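*Asks:* Fold the stuff below for me.
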Amino acid sequence: MSALWIAHVTVTDPEAYARYAELAGPAIAKHGGVFIARGGRFVQLEGKERPRNVVARFESVEAAEACYHSPEYQEALSHARGASERELLIVEITE
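*Replies:* Reported below is the predicted structural model:
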């Protein structure tokens, strides 16, 4: 079953976070992830508002998790740590 990788982000250091974004996109694509929402308009109905919301679709929870743990994504993530406040989750799509 397909899965969604959902990130809610507040960027605190735009320069460092830009380096993350530059590296994360290719890492996610390498693992079969396809962005279906990147930033864009949103309506916060509950919980903590984060101004940047990103959703990528993967072929499975395992593929998304493998991407997260990959050396390429971990390198990208090293630039996001300290440059953002984030929540990230993977959820299986029940179709």
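*Asks:* Can you name every helix or strand that the longest helix along the chain contacts?
*Replies:* Identified as the longest helix of the chain according to DSSP state H is helix 14-30. Helices and strands in packing contact with helix 14-30 are listed as helix 61-69, helix 71-80; criterion 3 or more C-beta pairs under 8 Å, 6 or more residues apart in numbering; DSSP states H and E. (C-beta placed from N, C-alpha, C; glycine too.)
*Asks:* What is the distance between it and the centre of its chain?
*Replies:* Chain-centre distance of helix 14-30: 10 Å, with C-alpha atoms, centre = their mean, to the nearest Å.
*Asks:* that older thread, just tell me which of the helices and strands packed on helix 14-30 ends up closest to residue 86.
*Replies:* Between residue 86 and those, the tightest spacing by C-beta to C-beta is seen for helix 71-80, at 6.7 Å.
*Asks:* The next helix or strand after the closest one: which residues count as buried?
*Replies:* From helix 71-80 onward toward the C-terminus, using DSSP states H and E, the following helix or strand is strand 84-92. With burial defined by 16 or more other C-beta atoms under 10 Å, the residues of strand 84-92 counted as buried are 84, 86, 90.
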